[in-house]
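[1] no sequence for this one, just the structure:
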């Protein structure tokens, strides 16, 4: 990929199958616990829920195949995600279906997006382990697009400006030029 192609590549997409587990609960108000447990790279699209594994009453389903889209402007978040225990964040949305009350709705590789989504919606966001092929794909994308930007604390310049004049900002630590 040459420099021009790299600049034109704004995002990349990988399709991932989402595995949802249904586990029995010993609770008077809730019979089942539904949660995303893993993702499958390159999974085929599914129509409806497909049972993958059963262990007594505990069942794992291939519930959906969704796009994981990564953006070149969010490489700092992906880099942070890769530095610890890499995760794919699955947004689970409540449905009206009594048989499958939670549906995978979105995927993200950004812990910051996942946190923000969890704070502003009634959806559940669950972190599942990022498989090795997805780690390699995200790392390659970050290596191609990440640009370190130093953090500059800024302070206002021009305390003597009038009420209708725009204030300028200058990085702290540098001399103001007059």
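    Thanks, I have the structure now. Keep in mind the model is a prediction, meaning the values are calculated, not measured. Numbers count the residues shown, from 1 in each chain.
[2] residues touching the most centrally placed residue in the chain, list them.
    Closest to where the C-alpha atoms of the chain average out (C-alpha atoms, centre = their mean) is residue 108, at 2.2 Å. When contacts are counted by C-beta atoms under 8 Å, 6 or more residues apart in numbering, residue 108 is found next to 68, 88-89, 91, 114, 117. Any C-beta I mention is one placed from the backbone N, CA and C, and that applies to glycine too.
[3] Among the residues you listed, give me the pair with the biggest separation.
    Distance extremes for these: the farthest pair is 68 and 117 at 14.3 Å, using C-beta to C-beta.
[4] more neighbours, the two?
    Ranked by neighbour count (other C-beta atoms under 10 Å), residue 68 and residue 117 place residue 68 first, with 22 against 18.
[5] Any idea what the more buried one is bridged to?
    Applying DSSP bridges to residue 68 yields these beta-bridge partners: residue 14.
[6] now it: how far from residue 133?
    Distance check for residue 68 against residue 133: by C-beta to C-beta, to the nearest Å, it reads 11 Å.
[7] Residue 77 now?
    Going from residue 77 to residue 133 by C-beta to C-beta gives 20 Å.
[8] If you count surrounding residues, which of the two has more?
    When residue 77 and residue 133 are compared on other C-beta under 10 Å, the one with more neighbours turns out to be residue 77, at 20 against 12.
[9] rewinding a little: look up phi and psi at the residue nearest to the centre of the chain.
    Dihedral angles phi and psi of residue 108 (degrees, to the nearest 10) take the values phi -150, psi 150.
[10] How much space separates it from residue 19?
    17 Å.
[11] Same check on residue 39?
    Remark: distance between residue 39 and residue 19 (C-beta to C-beta) = 7 Å.
[12] Who has more neighbours out of the two?
    Taking other C-beta under 10 Å, residue 39 and residue 19 do not tie; residue 39 has more neighbours (25 against 22).
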